[in-house]
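Enquirer: kindly return the folded structure for what I paste below:
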Amino acid sequence: MSFYMFKIIELLGGLALFLFGMDTMGKALERQAGGKLQTILAKMSSNVFKGFLLGMAVTAVIQSSSATTVMVVGFVNSGIMTLNQAVGVIMGSNIGTTVTSWILSLSGLEGDSVIIKLFKPSTLAPLMGAIGIVFFMFTKSEKKKGIGVILLGFLALMTGMDIMGDSMEFLESEAWFGDLMISFSNPILGILFGALLTAVIQSSSASIGILQSLCLTGKVTYGAAIPIILGQNIGTCVTAVMGAIGANRNARRTAMVHLLFNVVGVLIFSVVFYGLGLFIDWAFLDSSVSAWNIAVIHTIFNVGATAVLMPMNKLLVKLAYLFVPAEPVHQSPVLLDERLLATPAVAVQRAHEIAADMGKDALEAMKLAMGLTTEFDVKTMEKVIELEDATDRYQDALSTYLVKLSAKRLSVDDNRTLNTLLYTVADLERIGDHAVAIANAGLEIEEKKIAFSQQARDELAVLKKAVTDVVERTVAAYEALDMELALKVEPQEQVVDSLVREIKSRHVRRLRDGKCTIEYGFVLEDLLTAYERIADHCSNIAVEILQVAEGKLEAHEYLSALKAGELEESAAFAERFAKYKAKYAFPEEK
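Expert: Predicted structure coming up:
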C-alpha cells in the first residue's frame with residue numbers, strides 16, 4: 001500500500017511541476033508578446049482564413065487554446081470582434097495548441113547521434129534551464145529576463161513530464177491498468193474519460209501531456225489513445241464555456257462555436273473512422289502508441305476537423321444562434337471585460353484603447369463647446385453634455401479596471417503604460433468638465449445677449465486655436481504614446497498661459513477705458529479659466545508620457561528642471577516656445 005502511496009505522491013509532484021512549467025512558460029511568452037496579441041487578434045481577423053492563421057499563431061505562442069478562446073470571448077463581449085471573425089480564430093487555436101504535444105513528444109526521441117541526444121529532454125531541458133537561469137539572474141535587460149523565465153518554464157515542464165513518466169512505469173506490470181486501457185478502446189468510454197480529464201485540468205495540452213506520460217508504460221494502445229484524444233478536444237471547451245457565463249449573447253455564441261466545432265469534429269471523425277472499421281480491420285489499434293504518435297494523432301484530428309468545418313463556418317454560426325437565440329432587449333458591449341485580465345498584456349492594450357477613446361470624446365466636447373461661444377445651439381449643448389457623461393463613464397470603468405490590472409504581473413513596457421493610464425484618466429475627464437464650463441459660458445452669452453468687441457473676438461480666436469492645437473496634439477500623443485509629440489505639448493501649454501495673461505491685461509485696459517463692461521468680464525474670466533485649465537491637464541498628460549512612465553522624475557520636478565534649463569530637452573523646449581509664441585500672436589491693440 002505504501003508503494004502505491006509514494007507513487008501517487010510522485011505523480012502529483014510531477015503533475016504540479018508540469019502544470020507550473022506550462023503556466024510559467026505560457027505567461028512569460030504572453031508578456032514578451034505584450035499588447036500585440038490584441039492588435040493581432042482584434043484588428044487582423046477580417047476573414048475566416050486570416051483569423052485561422054492568427055489564432056493558430058497566437059495559441060502556439062501562449063501555449064493554450066483555452067486562453068486564446070477566453071480572450072476571444074472577451075473581445076466579442078467588448079465589441080472589439082464580431083462573432084464571424086471569432087470563428088476563424090477558434091479554429092486556428094485548435095491547431096496551435098498541438099505545438100505543446102510536439103514539444104512533449106521529444107521524450108520519445110531515440111538514437112545515438114549527437115543531434116538526437118542534444119534534443120532529448122534529458123539533455124535539452126537542463127541546457128535550456130542553465131541558459132535561462134543565467135539570463136534571469138545575471139542580466140539587467142527585462143527582455144532577456146523574460147526569455148530566461150520562458151526557458152526555466154520549459155525546464156519545469158519537461159522535468160515534470162519525466163517525473164510523471166517515472167512514477168507510472170510500474171503500471172506496465174499491473175494487470176488492472178492493462179484492463180483499464182482496454183476498456184478505453186470503447187469509443188464512448190474513451191471520449192468520456194478524455195473529456196472529463198481535460199475538463200478537470202482545464203487544459204488540453206496538460207491532459208495530452210499526461211497521456212503521453214502514460215504511453216511510457218507500453219500499455220496504451222492506439223485503440224485507447226484515439227478516443228481519449230477525441231474526448232480531450234471536447235473537454236478543453238469547458239474553460240471557454242465557463243468564461244462566457246455572464247457575458248452577452250454574442251460572447252456566449254462564441255463559446256458555443258468553440259464547443260460545436262469540437263463536438264461536430266469528434267462526431268464526424270468517429271463516424272468515419274469507426275464506421276470504416278466495420279469493413280476494414282484496423283490492425284494497428286492493438287499496437288502500443290508512443291508520445292510521438294500521440295502528437296501525430298492530435299494534429300491529424302485538429303487539421304482534419306478544420307479542413308472539413310472551415311468551409312462550413314457560417315453553418316456553425318447559425319447553429320450557435322440556434323442554441324443561444326436572440327434576446328428582445330439589446331445588450332451594449334462591455335467597455336472593459338474582466339475576462340481579459342487573464343491575459344494582462346491584452347488587458348493593458350484594451351484599457352489604453354478605451355482611454356484613447358475617452359481623450360477623443362473630451363476633445364470633441366471641447367471643440368463643440370468652443371463653437372457655442374460664438375453661435376449657440378441647444379442640440380450642440382446637449383451633445384457636449386452627452387460626451388462629458390461618456391468621459392465620466394470611461395473614468396469610472398477605467399479606474400476600477402486599472403486597479404485590478406495593477407495586481408497582475410506585467411512586462412516593463414506594459415507596466416509603464418498602466419502607470420501612465422492610472423495617472424492621466426482623471427486629467428482627460430477634467431477636460432470634459434471644462435468643456436461643459438465653456439458651453440455654459442456660451443449659454444450665458446446667449447441668454448444675456450453679451451456682445452464682444454471685434455478686438456476681443458480676434459484675441460479669443462487666437463487663444464481657442466492654441467488650446468485646440470495643444471489638446472489635439474496631446475490626444476494624438478496619448479493614443480500612440482508618442483514621445484516626440486508629447487515633447488511639443490509643454491511649450492504650447494506655456495504659450496497658452498502667456499496668451500491668457502495677455503488677454504486679462506488687455507481686458508483691464510479696455511475696462512479702464514470704458515470699452516467693455518463688468519458683465520463681459522465675468523464671462524471672459526470663466527472662459528479663460530477653462531482654457532487655461534484644459535492646457536494644464538494636457539501638460540500633466542504629456543509629462544506622464546515623457547517622465548513618470550519611464551520612471552525618471554516626478555511631474556513637478558521634471559517641469560521645474562525643464563524650465564530651468566537643466567535637462568537635455570530644455571534647449572528644444574525654449575526653441576519650440578519661441579516658435580509657438582510667434583505662431584499664436586495677437587493682433588495689435590487698436
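
Enquirer: spatially central, which residue of the protein would that be?
Expert: For the chain, the residue sitting closest to the mean C-alpha position, by Cα atoms, centre = their mean, is residue 346 at 1.1 Å.

Enquirer: if I look at residue 231, how far off is residue 261?
Expert: Using Cβ to Cβ, to the nearest Å, residue 231 is found at 15 Å from residue 261. Bear in mind the C-beta positions are built from the backbone N, C-alpha and C, glycine included.

Enquirer: in stretch 576-589, which residues are buried?
Expert: Neighbour counts using 16 or more other Cβ atoms under 10 Å place 576, 577, 580, 581, 584 of stretch 576-589 among the buried residues.

Enquirer: do stretch 301-312 as well
Expert: By 16+ other Cβ under 10 Å, the buried positions in stretch 301-312 come out as 301, 302, 305, 306, 309, 310.

Enquirer: now do it: distance to the chain's middle.
Expert: 28 Å (Cα atoms, centre = their mean, to the nearest Å).

Enquirer: what of stretch 128-137?
Expert: 28 Å.

Enquirer: what residues of it count as buried?
Expert: 128, 129, 132, 135, 136.

Enquirer: surely the first one touches residue 151?
Expert: Yes - checked against Cβ atoms under 8 Å, the pair residue 128 and residue 151 is within contact range at 4.5 Å.

Enquirer: what part of this structure, helix or strand, is modelled with the least confidence?
Expert: Every helix and strand of the chain was ranked by mean pLDDT, DSSP states H and E. The lowest is helix 36-43, at a mean of 59.

Enquirer: can you name the element that comes right after that one?
Expert: Where DSSP states H and E defines the elements, the next helix or strand beyond helix 36-43 is helix 48-62.

Enquirer: and the contacts of that next one?
Expert: Outside helix 48-62, the residues that touch it by Cβ atoms under 8 Å, 6 or more residues apart in numbering are 26-27, 29-30, 33, 37, 40-41, 44-45, 65, 67-68, 72, 84-97, 99, 306, 310, 313, 343.

Enquirer: just the buried residues of it, please?
Expert: Result for helix 48-62 [16+ other Cβ under 10 Å]: buried residues 48, 51, 52, 53, 54, 55, 56, 58, 59, 60, 61, 62.

Enquirer: now the residues you listed in a markdown table, with pLDDT?
Expert: Compiled in a markdown table, the buried residues of helix 48-62 are given as follows (pLDDT from 0 to 100):
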| residue | pLDDT |
| --- | --- |
| 48 | 77 |
| 51 | 81 |
| 52 | 84 |
| 53 | 83 |
| 54 | 80 |
| 55 | 82 |
| 56 | 84 |
| 58 | 78 |
| 59 | 80 |
| 60 | 76 |
| 61 | 70 |
| 62 | 70 |
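
Enquirer: how about the strands in the stretch 101-250 of the chain?
Expert: Listed in chain order, the stretch 101-250 of the chain contains no strands at all (DSSP state E, counting those that start in this stretch).

Enquirer: if I pick residue 164, what's in contact with it?
Expert: Residue 164 makes contact with 11, 14, 15, 18, 209, 210, 213 under the criterion Cβ under 8 Å, 6+ apart.

Enquirer: name the nearest residue to the third one, sequence neighbours excluded.
Expert: Spelled out, it's residue 15. Counting by Cβ to Cβ, 6 or more residues apart in numbering, the nearest residue to residue 15 once its immediate chain neighbours are dropped is residue 164, at 6.0 Å.

Enquirer: ok, the fifth one next?
Expert: For residue 209, the nearest residue in space outside its immediate sequence neighbours is residue 104; the separation is 5.1 Å by Cβ to Cβ, 6+ apart.

Enquirer: pLDDT below threshold where in the protein?
Expert: For the chain, the stretches with pLDDT under 70 are 1, 33-46, 63, 106-122, 170-174, 178, 326-333, 511-521, 547-570, 589-590.

Enquirer: what about the buried residues of stretch 576-589, which are in helices?
Expert: For the buried residues of stretch 576-589, the ones inside helices are 576, 577, 580, 581, with DSSP state H as the criterion.

Enquirer: between those, which is nearest residue 542?
Expert: Checking those against residue 542 by Cβ to Cβ gives residue 576 as the nearest, at 12.2 Å.

Enquirer: I figured that closest one hits residue 491, correct?
Expert: Yes - Residue 576 is within contact range of residue 491, at 3.9 Å (criterion: Cβ under 8 Å).

Enquirer: which SSE is residue 363 in?
Expert: Secondary structure assignment for residue 363, by DSSP H and E: helix 344-372.

Enquirer: I'd like the next helix or strand past that helix.
Expert: helix 378-406.

Enquirer: and the angle from the helix or strand just after that next one to helix 378-406?
Expert: Note on helix 378-406: by DSSP H and E, the next helix or strand toward the C-terminus is helix 412-448. Computed by axes from the mean of the first three to the mean of the last three Cα atoms, to 10 degrees, the angle separating helix 412-448 from helix 378-406 equals 160 degrees.

Enquirer: tell me which strands and helices helix 412-448 is in contact with?
Expert: Using 3 or more Cβ pairs under 8 Å, 6 or more residues apart in numbering; DSSP states H and E as the contact test, the elements touching helix 412-448 are helix 344-372, helix 378-406, helix 454-480, helix 518-546.

Enquirer: perfect, I'm done here.
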